[in-house]
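Colleague: okay, here's the prediction I keep looking at, along with the sequence it came from:
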Amino acid sequence: MGSRAGKSDRGSETRELLLVTAERLFAEHGVEAVSNRQVSEAAGQSNNFAVGYHFGTKDDLVLAIMRRHSEPVERRRTEMLAQLTGSPDLRDWVSCLVRPTTEHLASLGSPSWFARFIAQVTTHPAFRELMINESSTSRSLQQGLEGMFRLIPPLPEAVWQERSDMGRLLIVHMCAERERALQEGTAPPHSTWESTADGLIDALAGIWLAPVSARR
């Protein structure tokens, strides 16, 4: 019994080490540029097929990294939504889309790599689709978006899609830039993840409420 428990603990530790190592390498070099074998080697595993043994394919590894972080983000967003009770303020709903992520990134300390990992994933065609499909399973995210869209004036379909893309990219890449600046020591001295969230919420509310050019 004790032997099986010990093997299980070691397996969990190896799995966690592989996840952390892969997240860092993917963030620094891109998902495409790093092989499963390189992840295993960087994690100090004598078995070069450790990633395949514990996770399967690279797609499975990328999903595992995303899910490792999505659970605390989902919990926080669910808590925030429970406090809204049909708020008529667009900023409240935008905040539910931004703050769970920035609060989670703040909790990771520095250096962290998750924001840059997500930025790399979103710029890769195949993994971007994987991330979008995974996000579509988040009940709290869908509730937050539905609440936000109820408060946005009617927009042409093309404009609505364009602004959705703008909003998603703004959150992803602003968070990635702050994470990078923190690691490099170039972040403004008085900036925080909270102030980053404030700026994102201001910008996103402005994007969604901006008038549409007459040429549209």
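Modeller: In hand now; what should we look at?
Colleague: tell me what the helix or strand containing L200 is packed against?
Modeller: Secondary structure assignment for L200, by DSSP states H and E: helix 193-209. In terms of contacts (3 or more Cβ pairs under 8 Å, 6 or more residues apart in numbering; DSSP states H and E), helix 193-209 is packed against helix 90-107, helix 157-184. Every residue, glycine included, has its C-beta placed from N, CA and C.
Colleague: need those helices in JSON lines (columns: mean pLDDT and mean neighbour count).
Modeller: Formatted as JSON lines, those follow (pLDDT from 0 to 100; neighbours: other Cβ atoms under 10 Å):
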{"stretch": "helix 90-107", "mean pLDDT": "97", "mean neighbour count": "22"}
{"stretch": "helix 157-184", "mean pLDDT": "96", "mean neighbour count": "16"}
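Colleague: so can I have a markdown table of the ones you listed showing distance to E23?
Modeller: Output for these, formatted as a markdown table (distance: least, Cβ to Cβ, whole Å):
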| stretch | distance to E23 |
| --- | --- |
| helix 90-107 | 13 |
| helix 157-184 | 12 |
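Colleague: and the ones you listed: which comes nearest Q38?
Modeller: Judged by Cβ to Cβ, the one of these that comes nearest to Q38 is helix 157-184, at 20.8 Å.
Colleague: quick check: angle from that closest one to helix 90-107?
Modeller: For helix 157-184 against helix 90-107, the angle by axes from the mean of the first three to the mean of the last three Cα atoms, to 10 degrees is 30 degrees.
Colleague: let's have the chain start at 98 instead
Modeller: Yep, numbering from 98; the last one is helix 254-281 now.
Colleague: and helix 254-281 with helix 290-306, angle?
Modeller: Using the same axes, to 10 degrees: helix 254-281 against helix 290-306 is 160 degrees.
Colleague: so what's the gap between helix 254-281 and the chain middle?
Modeller: 11 Å (Cα atoms, centre = their mean, to the nearest Å).
Colleague: next: stretch 280-293.
Modeller: Using Cα atoms, centre = their mean, the distance between the centre of stretch 280-293 and that of its chain works out at 18 Å.
Colleague: over to stretch 233-253?
Modeller: Per Cα atoms, centre = their mean, the displacement of stretch 233-253 from the mean C-alpha position of its chain is 18 Å.
Colleague: how about low-confidence regions in this protein?
Modeller: 98-106, 312-313 (pLDDT under 70).
Colleague: quick one: contacts of stretch 128-148?
Modeller: Contacting residues not belonging to stretch 128-148 are listed as 111, 114-115, 118-119, 122-123, 149-150, 155, 158-159, 217-218, 221, 224 [Cβ atoms under 8 Å, 6 or more residues apart in numbering].
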